[in-house]
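**Student:** Attaching a predicted model along with its sequence, questions to come.
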Amino acid sequence: MSVTYIDAIRDAQETLLREDPRVFLYGQDISKFGGAFKATKGLAEAFPGRVLDSPISEDAMIGMAVGAAIEGMRPIVEMQFADFSSIAFNQIVNQAATHYYRTGVPVPLTVRLPSGGTPGSGPFHSQSMEAIYAHYPGLVVVTPATVADAYHMLIESVRLDDPVIYCEHKFLYRWLKAPRINGDGLPIGKARITRPGKHATVVAYSAMVHEAVRAAERLKDEGGWEIEVVDLRSVKPLDIDTVLASIARTGRLLALGEAFPWGGVTAEVVARVCAEGFHLLDAPPRRLNSRDTPVPYHPKLWAAHRPTPESICLALRELLSF
Amino acid sequence: MSVTYIDAIRDAQETLLREDPRVFLYGQDISKFGGAFKATKGLAEAFPGRVLDSPISEDAMIGMAVGAAIEGMRPIVEMQFADFSSIAFNQIVNQAATHYYRTGVPVPLTVRLPSGGTPGSGPFHSQSMEAIYAHYPGLVVVTPATVADAYHMLIESVRLDDPVIYCEHKFLYRWLKAPRINGDGLPIGKARITRPGKHATVVAYSAMVHEAVRAAERLKDEGGWEIEVVDLRSVKPLDIDTVLASIARTGRLLALGEAFPWGGVTAEVVARVCAEGFHLLDAPPRRLNSRDTPVPYHPKLWAAHRPTPESICLALRELLSF
Amino acid sequence: MPETEEAQRTRVDLDRDYVRDVFRAMLKARLLEAKLSSLYKAGKIVGGVYLGKGQEAVSAALGASLIQGRDIFAALIRDQAGRTAFGEPLLDCTRTYLGSVLGPMKGRDGNIHRGRPREGMPAMISHLGAEVSVVGGMLMARRLKGELGGVVGATCVGDGATSTGAFHEGINMAAVERLPLVVIVSNNQFAYSTPNDRQFACVDLLDRAKGYGVGGHSVDGTDLLACADVIGRAVRLAREGGGPQMVVARLLRLSGHGEHDDGSYVPGTMRDSHLGRDCLENGIVHMIEQGFATVDEIERWKNRFTEEVQAAVAQAQQEPTPDPWDEDWRACSSEPGGGI
Amino acid sequence: MPETEEAQRTRVDLDRDYVRDVFRAMLKARLLEAKLSSLYKAGKIVGGVYLGKGQEAVSAALGASLIQGRDIFAALIRDQAGRTAFGEPLLDCTRTYLGSVLGPMKGRDGNIHRGRPREGMPAMISHLGAEVSVVGGMLMARRLKGELGGVVGATCVGDGATSTGAFHEGINMAAVERLPLVVIVSNNQFAYSTPNDRQFACVDLLDRAKGYGVGGHSVDGTDLLACADVIGRAVRLAREGGGPQMVVARLLRLSGHGEHDDGSYVPGTMRDSHLGRDCLENGIVHMIEQGFATVDEIERWKNRFTEEVQAAVAQAQQEPTPDPWDEDWRACSSEPGGGI
Ligand SMILES: Cc1ncc(C[n+]2csc(CCOP(=O)(O)OP(=O)(O)O)c2C)c(N)n1
Ligand SMILES: Cc1ncc(C[n+]2csc(CCOP(=O)(O)OP(=O)(O)O)c2C)c(N)n1
Ligand SMILES: [Mg+2]
Ligand SMILES: [Mg+2]
């Protein structure tokens, strides 16, 4: 028996529903149908009246969640795809994100965003929107990369008093498996050294952590390079201390992300490292993002649009040869 | 006689309407009323049927503009405040921005966003959203800081075949004046050295250019420091060459912006400078943004939320003393 | 049919205390807003001033039919009268307008955005239509907690706000959930400067009620007693399990969009028409004629409210404004990991 | 009243060529989609497959009443029949599904998103409701260019899409502008797995037409002749200056939401009811009975279309797929300043 990443998300919601009467789920097709990705399978039956199908109204879904949170509930809203949260953008960044600052009343809601690219999904079922939400004060944005993090960080997200954007990567849903859900006890806001190394640091998050590890393995085989991989886990807050500690060991930084190249997590990571750890760097910091186009639909284009072990290795070789 | 920044915006629209039959204006209260800020005053009368009041439907306003652009028109859409473009977010980033890549058919539309903070405007009439839109492939994002740029860049925006997000700063509307509209012929995509210097470079855009110049003057008076101020003019494309050339002279960078501190233009500037001009830097690059809360309503809080000549001087002194 | 409902109205069954509450809130709000307007003109106000002048009957009829401490009232831009009727203290208003740090928003947000969400008064954001689903969510929470019995959630929007997707999604969702939501559409003929015919094409916004499957009511917003009657009934229907109710009120705002605006786009003929009647002046006549209050009583109320307003203004004016050094500049309550 | 309109229908005035066009498009689309479905099951399709099975009559009746080269047709998820009727080449379809770089989207976007915007076929984005305002804008452009005369713009949405703010804003705007827009709402009783009663609370979605001030029409979507009649008339009304028209069709999709879905949430009783009738099987009977076509003709069409489909699939399968090295990776056409 093994647990997949999507199982972990489902199980976390089951735990939350069981342990906290304030929790309820809202989203399109999540009730009897169990959701487009089956992240809520069986939960409607197990928790009658607490897993509710919504109309196709992303704006109202988040407005509703803010209202429920004001009244002390802990809604979890499933967007069918992260990309559709663009419709809820206003309610997320202007209603949910500003509420605590404006009124002193926190709004503990969690928005689950099925994120990231998969082959053949195209421009509107592949987006990574973490940087968009992280820009706004008042939101916590998490990006679990492991089965255990998928579970524990969802539990923690719902327990936080603030609105959390929980970015779950669709590519990991069924591909990523673990024998069981063993967390390492890290809280939201702490990064993890996924793979220790000493020649360069790759800072990544979500699915790109696994591509970074693959690239690191290749470079190990290829030239004995030891690449450290840091998994940010949450992009806001962003644990710059762990990143800096890693760079103190390696002297070299590659910031890696699947999102579009202008701005985003990689820019924030590089800018913070340079501001706070300039002296630690033995080489110019590098970034690797997707290409600057919408996410293409054809798998051949898609594979060339996002960073791959090949392109990561290329970037690392240049970084190492500086 | 002098021309204000808002006059320049109005005059550019008049020129465009006069010279190009494909141009029309769409927005709330822009027709007979002339717009919330009077940016379209008199234009409805001068160009009957081409300056149209829209319902309060930001999503449909942009959808409409995309459709009209497909058919060869050049719509200019006025958002009453940049903040309300959050409702149009989906149509901007998913419909307009992706259209050329997906179909090969460009959609030449311009969205005017009255942006930035003014005292007493509060969290929903003060936002700077340039970084949000710049993140998405397929959009051009411009941020004029001078009267002449307000004019010429609006003309150029409408002439471009791609969707342009034109961020006009409300604080400059009536405060910023010029004897006449004299451009320097720079195209979108080229930054300008607003004030030459040799000890440090401040990279800024929009209203912050003026705050940077003020800070530079103070430091000149105070200690003879010569601070170079670079006005990005457009944040996407971002003219990193001009920025690098400046840092090659000064060795020091302060990236300055009025937007929220996570991500944004300042992060992108620092990350690019470090990737491409690491060796030029004699000190860790610094950033100065607003504080990480919604824009507060009370003027006293507002003034402490955004960068000011004081806080810019503080950052520069630290930068110079490194 | 709503027209019939309205025509057949007999007002004998109007509760005397309720009508007097409505009227007093209208009067107090008018006096308060007149003060705010002059303070604005004197440059004493922080931010903008948006008045509910001419819309007090609608707003107060709603506020007075809600029960503070149990119901939810998401007041909007022209709801000073409704806030007053619902029981919002005057000081919440004056402190916010005058920038006192002791106000409910501590200077972080202003004026018409003020609220006390934990006390059933959500704090609106500017984006029109966005509160409808928030009130829906508050009601959903009550249902999930088993506390929905006898509760009503209400909000007001303008004619312009009906064009927003948020309004549509919010009211549709409430209809699907059959929540006790009351939405008042105050059709004051203009959204800022934009007239109805550039905002929608239906004959009457009330026609939308059927399209959402919610109760529909039409009312003359210049007529205090009609408002008390129709809005009172809509609230009662929602409270008694009748599902969402939408009330469309016909009226005119008797001020500019904000105090910076002279409203010169409103045609004189419209101002002079029935729509332009002042619900307060008109209300005074009705109150007296129908025996709800005496001339003396009204005079006394006026004096008392004038004093209350003065006191609330004076107190707020003496209070400290926010100090950036005391501000904690935190947008999250929990700060996981210790910051951004 | 729409019910009356529908009931009183006499079909004598149906244009023979039009009906035959509708039917042929239905047939061709069904054959094409059956092929796509088996290619999907064989793992030969790039991306997802969403079929219009059971909805062909509605879609084709719309497509066939539009004039390619003049009108605008924003096809949606279940509009293969409408696309075919409008004149979209089969190759546009097979190339996109099979990942040929020669397709209209060059592999950059896929399948149901394909379009040729400059030829009156906008390329939909996934976000439901978003095309309504785009078609509105295309019509606005025609008006501004003085080329609106006799033009119609049409789009289709599902029952679920009516809950989106975009749908609301788009149709309201078109109503305000009195554009010749036809919106077909195919109420197939489900949005993915979500039934009507979790999507809206009105008795009939048609009730919304009056709320928007647009023409309203109701039709049995399983009945080819009724669709040809009602939808044909709605298009004519729009074309002749009657302003926006909304048609609500009652039907069921006879497939899963996509080919990955078995649609098991649709109750058997509903499948067995009138709603579950197959508009094509049923249409064949009607075509013959009413003398619109003979058995032989239909058989010949079937054979010819089968061959056409085969040919289009075969050709697309031989064509090159996109090569990332040849791709120019440009999201802007102008690249001011030379890049990001
Ligand atoms: C989504 C959105 N777009 C634009 C605005 C700017 N705005 C503020 S009030 C207003 C007019 C509102 O009109 P209406 O809803 O009729 O209310 P009224 O002011 O007439 O009471 C506009 C356009 C806004 N607040 N929200
Ligand atoms: C704004 C938005 N939210 C969610 C989705 C995901 N989604 C795709 S199709 C669909 C169901 C659509 O139902 P309906 O409009 O009834 O059309 P049908 O599939 O029944 O033809 C959903 C929820 C989407 N495409 N857009
Ligand atoms: Mg109004
Ligand atoms: Mg459907």
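**Tutor:** Received, thanks. Here the structure is a predicted model, which means the values were calculated and not measured. Numbering: from 1, shown residues only, chains lettered A, B, ... in the order given. Ligands and ions are numbered 1, 2, ... in the order given.
**Student:** From here on, just use CA atoms for contacts and neighbour counts.
**Tutor:** Fine.
**Student:** Up against chain C, what does the stretch 201-322 of chain A have?
**Tutor:** Counting by CA under 8 Å from any CA of the partner chain, the residues of the stretch 201-322 of chain A close to chain C are A:236, A:237, A:238, A:239.
**Student:** Can you show me the helices along the chain?
**Tutor:** Going with chain A. For chain A, helices defined by DSSP state H occupy the ranges A:5-19, A:43-46, A:58-70, A:89-90, A:97-103, A:130-134, A:147-159, A:172-175, A:208-223, A:240-250, A:264-277, A:299-305, A:309-320.
**Student:** hmm, I had chain C in mind actually
**Tutor:** Under DSSP H, chain C gives helices at C:2-7, C:16-41, C:56-65, C:80-86, C:90-97, C:130-144, C:165-177, C:207-212, C:224-239, C:268-272, C:279-289, C:295-318.
**Student:** just so I know, which of the helices of chain A lies nearest residue A:190?
**Tutor:** Closest approach to residue A:190 among the helices of chain A is made by helix A:240-250 (7.6 Å; CA to CA).
**Student:** so residue C:100 makes contact with residue C:319?
**Tutor:** Yes - Residue C:100 sits in contact with residue C:319 when judged by CA atoms under 8 Å, with a separation of 5.6 Å.
**Student:** Compare neighbour counts for the two and give me the winner.
**Tutor:** More crowded of residue C:100 and residue C:319, by other CA atoms under 10 Å in any protein chain shown: residue C:100, with 25 against 15.
**Student:** quick one, what contacts the more buried one?
**Tutor:** Neighbour list for residue C:100: C:106, C:107, C:316, C:317, C:319, C:320, C:321, C:322 [criterion: CA atoms under 8 Å, 6 or more residues apart in numbering or on different chains].
**Student:** List buried residues within these.
**Tutor:** C:106, C:107, C:316, C:317, C:321, C:322 (16 or more other CA atoms under 10 Å in any protein chain shown).
**Student:** Would you mind putting those residues into CSV with pLDDT and distance to ligand 3 alongside?
**Tutor:** Shown next, in CSV, are the buried ones among the contacts of residue C:100 (pLDDT from 0 to 100; distance: CA to the ion, whole Å):
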residue, pLDDT, distance to ligand 3
C:106, 96, 29
C:107, 96, 27
C:316, 97, 30
C:317, 96, 32
C:321, 97, 33
C:322, 97, 33
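**Student:** Around chain D, pick out the residues from the stretch 51-200 of chain A.
**Tutor:** With the criterion set to CA under 8 Å from any CA, the stretch 51-200 of chain A comes near chain D through A:53-59, A:84, A:119-124.
**Student:** What about the residues of the stretch 201-322 of chain A next to chain C, which one has the most neighbours?
**Tutor:** Highest neighbour count within these: residue A:236, with 31 neighbours (other CA under 10 Å).
**Student:** Look up how far residue A:189 lies from that residue.
**Tutor:** Per CA to CA, to the nearest Å, residue A:236 is found 7 Å from residue A:189.
**Student:** how deep is residue 234 tucked in, by neighbour count?
**Tutor:** Defaulting to chain A. 29.
**Student:** I was thinking of chain C, sorry if that wasn't clear
**Tutor:** Neighbours of residue C:234 (other CA under 10 Å): 27.
**Student:** try the one 4 residues further on
**Tutor:** Counted with other CA under 10 Å, the neighbours of residue C:238 add up to 24.
**Student:** Please name the residues that touch it.
**Tutor:** Applying CA under 8 Å, 6+ apart, we find residue C:238 in contact with C:152, C:179, C:180, C:181, C:182, C:244, C:245.
**Student:** I'd like to know which of those residues is nearest to residue A:182.
**Tutor:** Of all the contacts of residue C:238, residue A:182 sits closest to residue C:179, with 42.1 Å by CA to CA.
**Student:** Ignoring the adjacent residues along the chain, who's closest to the closest one?
**Tutor:** residue C:243 (5.4 Å; CA to CA, 6 or more residues apart in numbering or on different chains).
**Student:** pLDDT below threshold where in the stretch 1-150 of chain C?
**Tutor:** Residue ranges of the stretch 1-150 of chain C with pLDDT under 70: C:1-12.
**Student:** got the residues of it near chain B?
**Tutor:** Contact residues (CA under 8 Å from any CA) of the stretch 1-150 of chain C with chain B: C:46, C:47, C:48, C:99, C:107, C:108, C:109, C:110, C:125, C:126, C:127.
**Student:** Give me the neighbour count for residue C:291.
**Tutor:** Residue C:291: 10 surrounding residues under other CA under 10 Å.
**Student:** For it, what are phi and psi?
**Tutor:** The phi/psi pair for residue C:291 (degrees, to the nearest 10) reads phi 80, psi 20.
**Student:** what's the distance between it and residue A:97?
**Tutor:** Distance of residue C:291 to residue A:97, given as CA to CA: 50 Å.
**Student:** next one: residue C:294
**Tutor:** Distance of residue C:294 to residue A:97, computed by CA to CA: 50 Å.
**Student:** Which one of the two is surrounded by more residues?
**Tutor:** residue A:97 (28 against 15).
**Student:** correct me, but that one touches residue A:141?
**Tutor:** No - assessed by CA under 8 Å, residue A:97 is found out of contact with residue A:141, at 11.3 Å.
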